[in-house]
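Undergrad: need a 3D model of the following:
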Amino acid sequence: MPLVLGLATAVFVADQLTKKWALARLDAGHPVVVIPDFFHLVLVMNPGVAFGIFAGVPPRWRWIVTLFSLSALALLASLAFRILPRGSVVARVAIGLVFGGAAGNLLDRWRFGAVVDFLDVFWRMYHWPAFNVADSAITVGVCLLAAELAFGRDDVLRRGPADA
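TA: As a prediction, the model looks like this:
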């Protein structure tokens, strides 16, 4: 459990510090070119969920998005406490990443009514929605968990690395 909590805390702190920096240094609608034609920093307040999904929901219904985020975080915490003692290191890292990222975005939603996004990646006409450190951690965590479930050894998932 220390690995999960430590990683979740590190992701949460890194996410909040980078968002604080973005809010202090970036102006909405004025991108800062980091790598021309590939990567910019741009301040976006995202009222939706992942990658702007449900951003068009009227403000009076946005509490549903927050409730969904809280429910997902509670479910993840419940699963973590029930299955992690037997889980692999990869599963622990994955849950730590997802938990830290979800907590960072949830705090934004509570403080601002939207999530602070500022990383903007694109190539030619292909443009990825703006994102942040928390989104990156969640994405990597979900991919790790999916890979562990798809390719991990079943005996390690069931018994844990100490028993393998």
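
Undergrad: check residue 83 and give its pLDDT.
TA: Residue 83 carries a pLDDT score of 62 in this model.

Undergrad: how far off centre is stretch 125-132?
TA: On the basis of CA atoms, centre = their mean, to the nearest Å, stretch 125-132 is displaced by 15 Å from the centre of the chain it belongs to.

Undergrad: that stretch: end-to-end distance?
TA: Across stretch 125-132, the straight-line distance between its terminal residues is 21 Å, by CA to CA, to the nearest Å.

Undergrad: count of neighbours near residue 32?
TA: 15 (other CB atoms under 10 Å). C-beta: built from backbone N, CA, C; applies to glycine.

Undergrad: who does the residue lying closest to it once chain neighbours are set aside form a beta bridge with?
TA: If the residues on either side of it in the chain are set aside, residue 32 comes closest to residue 41, at 4.3 Å by CB to CB, 6 or more residues apart in numbering. When bridges are taken as DSSP bridges, the partners of residue 41 come out as residue 32, residue 119.

Undergrad: residue 41 touches residue 120, doesn't it?
TA: Yes - using CB atoms under 8 Å, residue 41 and residue 120 qualify as a contacting pair, with a distance of 6.8 Å.

Undergrad: tell me the contacts of the residue nearest to residue 32?
TA: When contacts are counted by CB atoms under 8 Å, 6 or more residues apart in numbering, residue 41 touches 22, 26, 31-32, 34, 118-120.

Undergrad: of those, just the buried ones, PyMOL syntax please.
TA: What follows is the PyMOL syntax for the buried subset of the contacts of residue 41, where burial is set by 16 or more other CB atoms under 10 Å:
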select buried, resi 22+26+31+118+119+120
